[in-house]
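Student: Mind looking at a prediction? Sequence and model below.
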Amino acid sequence: MIVVGIIGILAAIAIPAFTRYIKKSRTAEAAQHLNKMWAGSVTYYMSDFTTSVGGTDGLALAKQFPGPAAVWEQATHCCTSTGGRCPGGSTVWNDDGVWSALKFALADPHDYLPGYTGNGTGSNSTFTALAQGNMNCDAVYSYFYRDGSVSATGDVKGQNQPVIINEME
């Protein structure tokens, strides 16, 4: 009886800790999304783009981040999808110009929906990369985001770590 009681106490402690550990490990996906969007933003901003206006080719465009906003993969979260995860390989990654400019795509099933907005040109350029998730399919969402802008010297700057709201929701 004592052994069974000890096993019950250990299980009561271990199961919630394990569940919390699993949720925490899934949040790494959101950070990966943000890092990939950050790298795509910096690459896009630092690249030189030209356009053709009135028959004149090669007119330089002002430096900017892609935007104004990327189309979300889907309007609702993926809790109702098979396995409770968003399916990979959505056509939005190729069809939306912002995602294509960022070279961002998710081929595998995922828990966090990415979002992106970019505004302004030159030193007034800004962007926000976002990952939104709902790990237990309730009305509470977790949000991870990173803002970026351009410094006076023309370098992309922003938060080193994402802002996190309701990490474990």
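Tutor: Noted; the coordinates are in hand.

Student: Now the terminal residues of stretch 99-117, how far apart.
Tutor: 10 Å (C-alpha to C-alpha, to the nearest Å).

Student: so residue 60 bridges to which residues?
Tutor: The bridge-partner assignment for residue 60, based on DSSP bridges, gives residue 50.

Student: pretty sure it is in contact with residue 47, am I right?
Tutor: No. Using C-beta atoms under 8 Å, residue 60 is not in contact with residue 47; the gap is 11.4 Å. The way it works is simple: take the backbone N, C-alpha and C, and place the C-beta from them, glycine included.

Student: residue ranges for the helices of this structure, please.
Tutor: For the chain, applying DSSP state H gives helices covering 2-46, 92-95, 97-102.

Student: just so I know, which of those helices lies nearest residue 128?
Tutor: Within the helices of the chain, the stretch nearest residue 128 is helix 2-46; the backing value is 9.3 Å (C-beta to C-beta).

Student: and the closest one, what does it pack onto?
Tutor: On a contact count with 3 or more C-beta pairs under 8 Å, 6 or more residues apart in numbering; DSSP states H and E, helix 2-46 meets helix 97-102, strand 112-119, strand 126-133, strand 142-150, strand 156-158.

Student: what about it, distance to the chain center?
Tutor: 16 Å (C-alpha atoms, centre = their mean, to the nearest Å).

Student: That helix to strand 142-150, inter-axis angle?
Tutor: Counting by axes from the mean of the first three to the mean of the last three C-alpha atoms, to 10 degrees, helix 2-46 points 30 degrees away from the direction of strand 142-150.

Student: same question for helix 2-46, mean pLDDT?
Tutor: Averaging pLDDT along helix 2-46 gives 89.

Student: any chance of the helices of the chain in TSV, with mean neighbour count and distance to residue 71 too?
Tutor: Putting the helices of the chain into TSV (neighbours: other C-beta atoms under 10 Å; distance: least, C-beta to C-beta, whole Å) gives the following:
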stretch	mean neighbour count	distance to residue 71
helix 2-46	14	14
helix 92-95	14	6
helix 97-102	20	8
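
Student: now residue 147: how far from residue 129?
Tutor: 8 Å (C-beta to C-beta, to the nearest Å).

Student: between these two, who's got more neighbours?
Tutor: Counted by other C-beta atoms under 10 Å, residue 147 and residue 129 do not tie: residue 129 has more neighbours, with 28 against 15.

Student: Hmm, that one is touching residue 143, no?
Tutor: No. Shown here, residue 129 and residue 143 do not form a contact pair, counting by C-beta under 8 Å, at 11.4 Å.

Student: Out of the helices and strands packed on helix 2-46, which gets nearest to residue 29?
Tutor: Closest to residue 29 of the helices and strands packed on helix 2-46 is strand 112-119 (C-beta to C-beta; 5.4 Å).
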